[in-house]
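1. I'll drop the sequence and a predicted model, then ask my questions.
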Amino acid sequence: MKHWLVKSEPGTYSIDDLAREHRTAWEGIRNYQARNNLRDMKAGDLVLFYHSSANPAGVAGVASVARQAYPDEAAFTKGHDYFDSKSDPANPTWFLVDLSFVERFPAVVALEQLKQTPGLQDMVLLKSGRLSVQPVTAAEFELVCKLARAAVSPVIAKAGKAKARAPKRSLKPSPKRKS
């Protein structure tokens, strides 16, 4: 199993949106390195869900890969925000994965805290901050989760996990644009 980090602006698509929907297609990736990372994802891989352009920016929860990479059909749909006239259905350029909700952290693990934590100094996020889909080592993944869970008392953490396991359903669709 591999570990990953995906970024999204919370006003566009947040961990709360994923918790409500339970599963989403992680669409709209139009960076070749991020696309290559998507193609390397396998079902069952764990993913840190990072809120970018937020106050504070940081890791808000965990998702898992529910379906490995498949062609992003939006690339072939004229008029769609993610349409790419150069992408060929016979040899797709762009891919997406399906992500499932696992856990919402009781508090965001802020970027500043990540930068100051020994053991995370080589994390891709801290070296190439603009990449929207990036690998994370197993040790980095565990350390970030430990930071998130240590940020609150056990009583609050237990209540937060209970809420995370039973999200409310909403009939209102969420915007699907990812960064």
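-> Great, that's in hand.

2. What strand or helix carries Arg35?
-> helix 32-40 (DSSP states H and E).

3. What are the contacting residues of that helix?
-> Defining contact as C-beta atoms under 8 Å, 6 or more residues apart in numbering, one finds that helix 32-40 is touched by 2, 4, 26, 29, 69, 93-97, 131-135. To be clear about C-beta, it is placed using only N, CA and C from the backbone, and glycine gets the same treatment.

4. tell me the mean pLDDT for it?
-> Mean pLDDT, helix 32-40: 97.

5. So which residues of this protein form helices?
-> Ranges of helices within the chain are 15-21, 32-40, 111-116, 124-127, 138-150, 154-165, based on DSSP state H.

6. Deepest-packed of the ones you listed, please.
-> Of all these, helix 15-21 has the most neighbours on average by mean count of other C-beta atoms under 10 Å, namely a mean of 20.

7. Which elements pack onto that helix?
-> Under the contact definition 3 or more C-beta pairs under 8 Å, 6 or more residues apart in numbering; DSSP states H and E, helix 15-21 sits against strand 46-51, strand 58-71, strand 95-110.

8. Give me whichever of these is most buried.
-> Of all the helices and strands packed on helix 15-21, strand 46-51 has the most neighbours on average by mean count of other C-beta under 10 Å, namely a mean of 24.

9. Mind listing the strands that one pairs with, and their directions?
-> Strands that pair with strand 46-51, judged by DSSP bridges, come out as strand 3-8 (parallel), strand 58-71 (antiparallel).

10. Relative to Val124, which of these is closest?
-> Nearest of the strands paired with strand 46-51 to Val124, taken as C-beta to C-beta: strand 3-8 at 7.4 Å.

11. Enumerate residues external to that closest one that contact any of its residues.
-> With C-beta under 8 Å, 6+ apart as the test, strand 3-8 has contacts from 14, 26, 37, 41, 45-52, 59, 63, 65, 99, 124-125, 132-138, 140-141, 178-179.

12. before we move on, back to that, of the helices of the chain, which is nearest Pro89?
-> The closest of these to Pro89 is helix 32-40. By C-beta to C-beta, the value is 16.0 Å.

13. what's the angle between that closest one and strand 95-110?
-> For helix 32-40 against strand 95-110, the angle by axes from the mean of the first three to the mean of the last three C-alpha atoms, to 10 degrees is 100 degrees.

14. got the CA positions of helix 32-40 in PDB?
-> C-alpha atoms of helix 32-40 as PDB (Å, rounded to 0.1, in the frame of the first residue of the first chain):
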ATOM      1  CA  TYR A  32       1.400  15.900 -15.800                       C
ATOM      2  CA  GLN A  33       3.300  15.000 -12.600                       C
ATOM      3  CA  ALA A  34       0.100  15.000 -10.600                       C
ATOM      4  CA  ARG A  35      -1.500  12.900 -13.400                       C
ATOM      5  CA  ASN A  36       1.300  10.400 -13.200                       C
ATOM      6  CA  ASN A  37       0.800  10.200  -9.400                       C
ATOM      7  CA  LEU A  38      -2.900   9.500 -10.000                       C
ATOM      8  CA  ARG A  39      -2.000   6.700 -12.400                       C
ATOM      9  CA  ASP A  40       0.200   5.100  -9.700                       C
END
